[in-house]
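[1] This is a predicted model, with the sequence first.
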Amino acid sequence: MDCGFVGALNAGFCNWRIDFTYADTNNKTYRISRGKTHTECEIHPMRDNSPQTLPRYGKACAHLNINGTRRVSQCRNITM
């Protein structure tokens, strides 16, 4: 485990950004929404984003980047 990442859990996440990616059922990314980099430290980083109407089935992912490095991702399959 990355010691810097564990330390961030106590002090918050600094220089963070959340990006969203959207991929079709063949896992081909067709849209990337890059978030703003936040220089302040946050214990619970969150990005406000308006609801999206996606043109096709596939998956939507949120990626948390710390100091320009992707640290964690969460994806949801879009089936309806």
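    In hand now; what should we look at?

[2] ok, for T79, nearest residue in space, not its chain neighbours?
    Spatial nearest neighbour of T79, chain neighbours left out: Y57 (6.0 Å); criterion: CB to CB, 6 or more residues apart in numbering. C-beta coordinates here come from the backbone N, C-alpha and C atoms, glycine included.

[3] which residues in this structure form helices?
    3-11 (DSSP state H).

[4] which residues of it score low on pLDDT?
    Along the chain, the model assigns pLDDT under 70 to residues 1-11.

[5] quick one, what contacts the residue minimising distance to the centre of it?
    By CA atoms, centre = their mean, the chain has its centre lying nearest to H63, at 2.1 Å. Counting by CB atoms under 8 Å, 6 or more residues apart in numbering, H63 makes contact with I18, D19, F20, T21, R70, V72, S73.

[6] Let me know the closest of those residues to C41.
    Using CB to CB, I18 is the member of those that sits closest to C41, with 14.8 Å.

[7] neighbours of the closest residue to that closest one other than its chain neighbours, just the number please.
    Of all residues not flanking I18 in the chain, R47 sits nearest, at 4.0 Å (CB to CB, 6+ apart). By other CB atoms under 10 Å, the residues close to R47 number 15.

[8] So what does R47 have for phi and psi?
    phi -120, psi 130 (degrees, to the nearest 10).

[9] Please work out how many residues are found near S50.
    Using other CB under 10 Å, S50 is surrounded by 4 other residues.
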